[in-house]
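Q: Provide a 3D model corresponding to the input given below.
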Amino acid sequence: MTDLTKGSPTGRMLGFALPVALGNLFQLFYSLADTRIVGSTLGSDALAAVGATVSISSLLLGFMNGLTNGFAILTAQSFGAGNQKEIRRYAGTSLTLGMAAALLLTGISLLGLDGILTLLNVPRELLENARAYIWVILLGIPAAMLYNGCAGILRSIGDTAAPLGFLILSSFLNVGLDLTLILVFRMGVAGAAWATVASQMVCAAASLIYMWRRYPFFRFSAGDFRPSLKRARRLLESGLSMGVMMSLVYFGTLALQCAINTFGTDTIVAHTAARKITEFYMLPFSVMGVTMATYCGQNLGAGQIRRIRTGIRNSLLLTWGWSLMVILLSYLAAPFLVSLVTGSTNPQVARTASLYLRIDTLFYFAPAAISVLRNALQGMGDHITPIVSSFIELAGKVAVALFLTPVFHYMGIIAAEPIVWLVMVIPLAAKIIINLKYLQSSDVRRSSE
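A: Below you'll find the model as predicted:
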């Protein structure tokens, strides 16, 4: 358990962020392994069927992950204030609301599954496997919510080691179940989906047991799961803000992908490779975002406003330092990285993906700041500005897909994100300055009274 309201801000943040980074990196490598298992054991058609539904599962699970992370901010604020009773009540209520949202989302998704598959333009020959896979994934949304909800609650009190341990357990369990259900029980792509859901259920149960035994303030009673109107309203304000924010990001990416799919196979492969590399490049940005949401939440609860300012500044410097490293890496080794990801020796693929990486990384100071500032605002209780920022991102990417790409083709895609990033960062920077000044003046007034 890490108290982020004391000690060196940079040291505390790095101590919190390292296990989160390791978990995300492990999950990234596991995702590649999972894809390899399906492709090598069931064939390319099965892998394509799974891939055809990834956008909808990413959208729904991304929303639930944002929702639970938003809920956890209120727990972090109660932890910073040292109020153990409120920690338990906010945690219990967040699990209740999260489960209700997950069940509602599951029901709506399953009832509208045929329409969803039609909107995704899933080819007829892939439809049976795609349906078999996504049906199980949708059915498992409550398990994913409980798993991510517990992880978010634990991180909110500064415990990042336990979620990392459960993530590693889940990943190994998932791989083992993939092989067992696909090779032994011959369950096909549905077996891969059940492996994911079952591993999440096991780790969710393990997380709850760990919380109960490790922390006395998580020994819930029935009343802790019964939401009061005030508590539910605050949780939903925070949770829906982060959930909608994540959903808008995925919608924007989906809009660009629709345009990319018109440029031919080489460009699609090149962009896929570039995005996989980008996921690695931007991993520290998302990690510092998670860190800042909890850090600002705890310090707001403790009334440590100057400490919030210091934390934001230091987080920006850390992520900008990483940005300089990936710019250098892109200019020195982009073709090699593309070949490593795709296995392709096609020079056109290497040139296209390398061009994307070498141009976009030059502007990485902007998405680094976006991730830090957007999550800092969430932790400080500002749930409106991050959504406005995400709407700007969605609108910008849709505009690029409709107007720039017909004229500039793939160069329009390359230019899209830097343009959107630069526009997005302006309101976030302005609002963070305004909020910090307001909180600082309020703190000064309280001190003088």
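Q: and Pro427, how far is that from Ile370?
A: Noted for Pro427: a distance of 10 Å to Ile370, by CB to CB, to the nearest Å. Any C-beta I mention is one placed from the backbone N, CA and C, and that applies to glycine too.
Q: These two - which one has more neighbours?
A: Neighbour comparison, Pro427 and Ile370: the larger count goes to Ile370, with 23 against 15 (by other CB atoms under 10 Å).
Q: surely that one meets Ser389?
A: Yes - judged on CB atoms under 8 Å, Ile370 makes contact with Ser389 at a distance of 7.0 Å.
Q: okay, and the common contacts of the two?
A: Met424, Leu428 (CB atoms under 8 Å, 6 or more residues apart in numbering).
Q: one step back: which neighbours do Pro427 and Ile370 share?
A: Ser389.
Q: burial of the closest residue to Thr5 other than its chain neighbours, as a residue count?
A: Using CB to CB, 6 or more residues apart in numbering and skipping residues adjacent in sequence, the residue nearest Thr5 is Ala302, 4.1 Å away. For Ala302, the count of nearby residues is 19 (other CB under 10 Å).
Q: Distance-wise, check Ala302 relative to Phe16.
A: Ala302 is 15 Å from Phe16, by CB to CB.
Q: Equivalent analysis for Ala368, please.
A: 18 Å.
Q: Would you mind identifying the next helix or strand past the host helix or strand of Tyr250?
A: Here Tyr250, judged by DSSP states H and E, is contained in helix 229-260. As assigned by DSSP H and E, the chain's next helix or strand after helix 229-260 is helix 265-281.
Q: Please save the CA atoms from that next one in CSV.
A: Below are the C-alpha coordinates for helix 265-281, written out as CSV (Å, rounded to 0.1, in the frame of the first residue of the first chain):
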residue,chain,number,x,y,z
THR,A,265,-3.4,-4.6,-48.3
ASP,A,266,0.2,-3.1,-48.1
THR,A,267,-1.1,0.0,-46.4
ILE,A,268,-3.3,-1.9,-44.0
VAL,A,269,-0.4,-4.2,-43.0
ALA,A,270,1.9,-1.2,-42.6
HIS,A,271,-0.5,0.7,-40.4
THR,A,272,-1.2,-2.3,-38.3
ALA,A,273,2.5,-2.7,-37.7
ALA,A,274,2.9,1.0,-36.9
ARG,A,275,0.0,0.9,-34.4
LYS,A,276,1.4,-2.1,-32.6
ILE,A,277,4.7,-0.3,-32.2
THR,A,278,2.9,2.8,-31.2
GLU,A,279,1.1,0.8,-28.4
PHE,A,280,4.6,0.1,-27.0
TYR,A,281,5.8,3.7,-27.5
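Q: and it with helix 229-260, angle?
A: In terms of direction (axes from the mean of the first three to the mean of the last three CA atoms, to 10 degrees), helix 265-281 departs from helix 229-260 by 140 degrees.
Q: Check which helices and strands helix 265-281 sits against.
A: On a contact count with 3 or more CB pairs under 8 Å, 6 or more residues apart in numbering; DSSP states H and E, helix 265-281 meets helix 229-260, helix 305-342, helix 347-360, helix 410-448.
Q: Quick one: the ones you listed as JSON lines, columns for distance to Leu377 and mean pLDDT too.
A: JSON lines is the format used below for those (distance: least, CB to CB, whole Å; pLDDT from 0 to 100):
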{"stretch": "helix 229-260", "distance to Leu377": "9", "mean pLDDT": "79"}
{"stretch": "helix 305-342", "distance to Leu377": "10", "mean pLDDT": "89"}
{"stretch": "helix 347-360", "distance to Leu377": "24", "mean pLDDT": "88"}
{"stretch": "helix 410-448", "distance to Leu377": "6", "mean pLDDT": "79"}
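Q: could I get these as CSV with distance to Ala102?
A: Shown next, in CSV, are these (distance: least, CB to CB, whole Å):
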stretch, distance to Ala102
helix 229-260, 11
helix 305-342, 31
helix 347-360, 35
helix 410-448, 29
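Q: looking at these, which is closest to Asn24?
A: Closest to Asn24 of the helices and strands packed on helix 265-281 is helix 305-342 (CB to CB; 13.8 Å).
Q: buried set for the closest one?
A: Neighbour counts using 16 or more other CB atoms under 10 Å place 305, 307-312, 314-316, 318-319, 322-323, 326-327, 329-330, 334, 337-339, 341-342 of helix 305-342 among the buried residues.
Q: Which strands or helices does it pack on?
A: Secondary elements touching helix 305-342 (3+ CB pairs under 8 Å, 6+ apart): helix 9-42, helix 265-281, helix 283-301, helix 347-360, helix 365-379, helix 410-448.
Q: so what does the first one touch, helix or strand wise?
A: Secondary-structure packing of helix 9-42 (3+ CB pairs under 8 Å, 6+ apart): helix 44-52, helix 161-179, helix 188-214, helix 283-301, helix 305-342.
Q: let's see 6 Å
A: helix 44-52, helix 161-179, helix 283-301, helix 305-342 (3 or more CB pairs under 6 Å, 6 or more residues apart in numbering; DSSP states H and E).
Q: nearest to Glu237, of those?
A: helix 283-301 (13.6 Å).
Q: Next up, the contacts around Thr5.
A: Contact partners of Thr5, counting by CB atoms under 6 Å, 6 or more residues apart in numbering, are Gly80, Gln298, Asn299, Ala302, Gln304.
Q: same question, Leu404
A: Contacts of Leu404 (CB under 6 Å, 6+ apart): Gly412.
Q: And for the one 10 residues further on?
A: The contact partners of Ile414, taken as CB under 6 Å, 6+ apart, are Tyr356, Ile359.
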